[in-house]
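S.K.: Kindly return the folded structure for what I paste below:
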Amino acid sequence: MKIKKILVSQPKPASDKSPYYEIAQKYGVDIVFRPFIKVEGLTAKEFRQQKVYIPEYTAIIFTARTAIDHFFRICEEMRVSIPDTMKYFCTTESIALYLQKYIIYRKRKIFHGKTGKLEDLLPSLIKHKQEKFLYAISDVHNGDATILDKHGINYTKAVMYRTVSNDFGPDEAFDYDMLLFFSPQGIESLMKNFPDFTQGDIAIGTFGATTAQSVRDANLRLDIAAPSSEAPSMTTALELYLKKHVSVAGSAE
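M.R.: Got it, this is the predicted structure:
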């Protein structure tokens, strides 16, 4: 099997020290970063249709930096002033620190979890149960909010942004030997862009159980599945695959 060109359906890494670059050099493959999906913010008009009045809320829950960006964008577009008393609850410290882009961090009440799971935030949420929470999400939000219901948290979900297909142009080459996906929406975009797609020898890799299932549901062959006990990351899974099929010199075995 010849693996010469790999499409990674994610934005290009910010750092040159990404493991993907090391893999490309080691195995003599060309890795192209090309997202199949992109994030698009709701307009102020679309947001108003949800009948969510932001000034009514005293706290907000963030599970992604993208949610922070679109929350403050919508507030600016709608001329909503966020009071200094607003409390922020984030699922990780990195998401919490991202708030510095919009607020004076040390002067605000900010709480964060460690694992990235909503459940990890529960102690802080319960401690501030008297607050009225706004939960900023996307249109394909997969988080389990039932845990908030179970503990009597007063919250309202508010869609701030949507995930849409990042369509391929008519002159854009699609000559890849391997495709790596990170969400079910990526698989949907593949089938939308190429309704007559035939996999053949093209290897497909996924990260996450739901993404892997989307490949099977589309009647495609799954060649790489991460995370696993052997490969906790996509880059580890990719290297294990290439080690079996491609020599270090870059020629097919």
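S.K.: Please identify the buried residues of stretch 64-83?
M.R.: Neighbour counts over stretch 64-83 (16 or more other C-beta atoms under 10 Å) mark 64-75, 82 as buried. Where you see a C-beta, it was placed from the backbone N, CA and C, and this is true even at glycine.
S.K.: go on, stretch 21-28?
M.R.: 23-24, 27.
S.K.: and which of those is nearest Asn193?
M.R.: Checking the buried residues of stretch 21-28 against Asn193 with C-beta to C-beta, the nearest one is Ala24 at 24.3 Å.
S.K.: Tell me which of the buried residues of stretch 21-28 fall in helices.
M.R.: Of the positions in the buried residues of stretch 21-28, 23-24, 27 sit in helices, assigned by DSSP state H.
S.K.: and the longest strand seen in the chain, average pLDDT?
M.R.: Ranked by residue count, the top strand of the chain under DSSP state E comes out as strand 155-165. Averaged over strand 155-165, pLDDT sits at 93.
S.K.: Which helix or strand lies directly C-terminal to that strand?
M.R.: strand 178-181 (DSSP states H and E).
S.K.: strands paired with that following strand, and their directions?
M.R.: With DSSP bridges as the test, strand 178-181 is paired with strand 5-8 (parallel), strand 203-207 (parallel).
S.K.: Enumerate the positions of the longest one that are buried.
M.R.: In other words, strand 203-207. Buried residues in strand 203-207, counted by 16+ other C-beta under 10 Å: 203-207.
S.K.: from these, which is closest to His128?
M.R.: Phe207 (33.8 Å).
S.K.: thought that closest one was touching Pro227?
M.R.: Yes. Using C-beta atoms under 8 Å, Phe207 is in contact with Pro227, at 7.0 Å.
S.K.: list residues touching both of the two?
M.R.: Counting by C-beta atoms under 8 Å, 6 or more residues apart in numbering, the common neighbours of Phe207 and Pro227 are 233, 237.
S.K.: Now do the helices in the protein.
M.R.: Taking DSSP H, the helices of the chain run over residues 19-27, 44-48, 65-77, 93-98, 122-127, 146-150, 184-193, 209-217, 234-245.
S.K.: next one: the fourth one to chain centre, how far?
M.R.: The gap between the average C-alpha position of helix 93-98 and the chain average comes to 16 Å, counting by C-alpha atoms, centre = their mean, to the nearest Å.
S.K.: Just the CA atoms of that helix, as CSV, please.
M.R.: Taking C-alpha atoms only, helix 93-98 is exported to CSV below (Å, rounded to 0.1, in the frame of the first residue of the first chain):
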residue,chain,number,x,y,z
GLU,A,93,-8.0,26.2,32.9
SER,A,94,-6.8,27.0,29.4
ILE,A,95,-10.4,28.0,28.4
ALA,A,96,-10.6,30.1,31.6
LEU,A,97,-7.3,31.9,30.8
TYR,A,98,-8.6,32.6,27.3
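S.K.: which of the residues in it are buried?
M.R.: Buried, per 16+ other C-beta under 10 Å, within helix 93-98: 95-96, 98.
S.K.: any idea how far the spatially closest residue to Thr58 that is not a sequence neighbour is from Phe33?
M.R.: Nearest-residue entry for Thr58: Glu131, 4.7 Å, with adjacent residues in sequence omitted and distances by C-beta to C-beta, 6 or more residues apart in numbering. In this view, Glu131 and Phe33 are 40 Å apart by C-beta to C-beta, to the nearest Å.
S.K.: Compare neighbour counts for those two and give me the winner.
M.R.: Neighbour count, other C-beta atoms under 10 Å: between Glu131 and Phe33, Glu131 has more, with 19 against 15.
S.K.: Distance-wise, check the more buried one relative to Ala231.
M.R.: Note on Glu131: its distance to Ala231, by C-beta to C-beta, is 41 Å.
S.K.: Ok, Phe47 next?
M.R.: For Phe47 relative to Ala231 (C-beta to C-beta), the value is 40 Å.
S.K.: before we move on, what about Met78?
M.R.: From Met78 to Ala231 the distance is 45 Å (C-beta to C-beta).
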